[in-house]
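Asks: need coordinates for the below:
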Amino acid sequence: MSERDPLLTPYQRRRRRLHPLVVSGAVLVMLGGIALLWVTSFSSLLMTPQEFVARQRVFDRALRDLVATHGDGEVPDLPAWPDPLTPERVEVLTCAESEAIRGVRYTNASQSISYPWGDIPDHIGTSADLLVRCFRRTDLDLQQLLHHDRKTNPKRYPTKLFSRKTPDKSLDHRRVAFLFVFAKAFFAEAPLELDTPQALALFQPGDIVFWGVGGREGHPGQVGFVLDRRDASGMPLVATLNAEDERTTLHHRLDTWTVVGHFKLDPDFTLERFLESYPGHTLEPAPRP
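Replies: Have a look, this model is predicted:
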């Protein structure tokens, strides 16, 4: 046979070539998908800490609402909480959470710093530094407020706890025991009770809390802020920084340590009380960026 039987010849399908526009469209769709995936995965790295905290707060609230609505267990009968947040409280909360996001590490080493509005490097600090930094978001500089009161009323402060007895612009505001004394004189005090959900609801986001842990001779050794979230029992969570955790934390319950001081975040009250005590004193404004 000179010719091959067509029935015995394997059938070969002719390969069709795609139109260039179809190929271009597929490539663009693929590139768009990759770009969307990249933005979704890495956009948080391009945000400022403040933007990340704001977005995370919205997500946390949505998640808590979802759990409360669809949870299998019984939802505790808790009082409404928190109250509407003032701009000052939002600023303080954003600052505290930003410190945790940035992973600010604990160190109690003393350093010479500028005055006023001075600070040690912002990647390290103590719970006192957390309080001072976040309070500055309300345009109040505890460094100069406390230092002036410390010079004017030296007997008010427990200098026996420290080797240095004279006022120190770099250290006075970094001592939790001194901050507690200043708070009792110039902050708005609030209840300490933690025994009922109604009592816990009085701890509002942004409030300042002192704990006895780490202190000496009855003076507190740690300070922090109440956060805008609580656990299923109604116990608020707090932001603080201690040696054991090594970094700023947001997961501790309010009752993790013994609460010895609770003060409302009220910058106007603090400033008014300070100026009533020192009517002729001039405070230095925050330096321009």
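
Asks: the stretch 151-289 of the chain: strands as residue ranges?
Replies: For the stretch 151-289 of the chain, the strands defined by DSSP state E, counting those that start in this stretch occupy 188-189, 208-211, 222-230, 236-240, 249-253, 259-264.

Asks: need those strands in JSON lines (columns: distance to residue 152 and mean pLDDT).
Replies: For every residue, glycine as well, the C-beta is placed using N, CA and C. Converted to JSON lines, those look like this (distance: least, C-beta to C-beta, whole Å; pLDDT from 0 to 100):
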{"stretch": "strand 188-189", "distance to residue 152": "21", "mean pLDDT": "98"}
{"stretch": "strand 208-211", "distance to residue 152": "22", "mean pLDDT": "98"}
{"stretch": "strand 222-230", "distance to residue 152": "23", "mean pLDDT": "97"}
{"stretch": "strand 236-240", "distance to residue 152": "29", "mean pLDDT": "98"}
{"stretch": "strand 249-253", "distance to residue 152": "35", "mean pLDDT": "98"}
{"stretch": "strand 259-264", "distance to residue 152": "21", "mean pLDDT": "98"}
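
Asks: tell me the domain boundaries of the chain?
Replies: Domains of the chain are assigned by automatic domain parsing as 22-68, 79-277.

Asks: ranking the ones you listed by mean pLDDT, which is last?
Replies: Between the domains of the chain, the lowest average pLDDT goes to domain 22-68, which shows a mean of 57.

Asks: okay, the domains of the chain in TSV with distance to residue 286 and mean neighbour count next?
Replies: Shown next, in TSV, are the domains of the chain (distance: least, C-beta to C-beta, whole Å; neighbours: other C-beta atoms under 10 Å):
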stretch	distance to residue 286	mean neighbour count
domain 22-68	17	11
domain 79-277	6	18
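
Asks: and the helices in this protein?
Replies: For the chain, the helices defined by DSSP state H cover 20-42, 49-70, 87-101, 127-135, 142-152, 176-186, 197-200, 267-277.

Asks: does residue 234 touch residue 80 like I think?
Replies: No: at 11.0 Å, residue 234 does not count as touching residue 80 under the criterion of C-beta atoms under 8 Å.

Asks: anything in contact with each of those two?
Replies: By C-beta atoms under 8 Å, 6 or more residues apart in numbering, residue 234 and residue 80 have these common neighbours: residue 201.

Asks: the domains of the chain into JSON lines, with extra columns for distance to residue 287?
Replies: As requested, the domains of the chain are exported to JSON lines (distance: least, C-beta to C-beta, whole Å):
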{"stretch": "domain 22-68", "distance to residue 287": "19"}
{"stretch": "domain 79-277", "distance to residue 287": "6"}
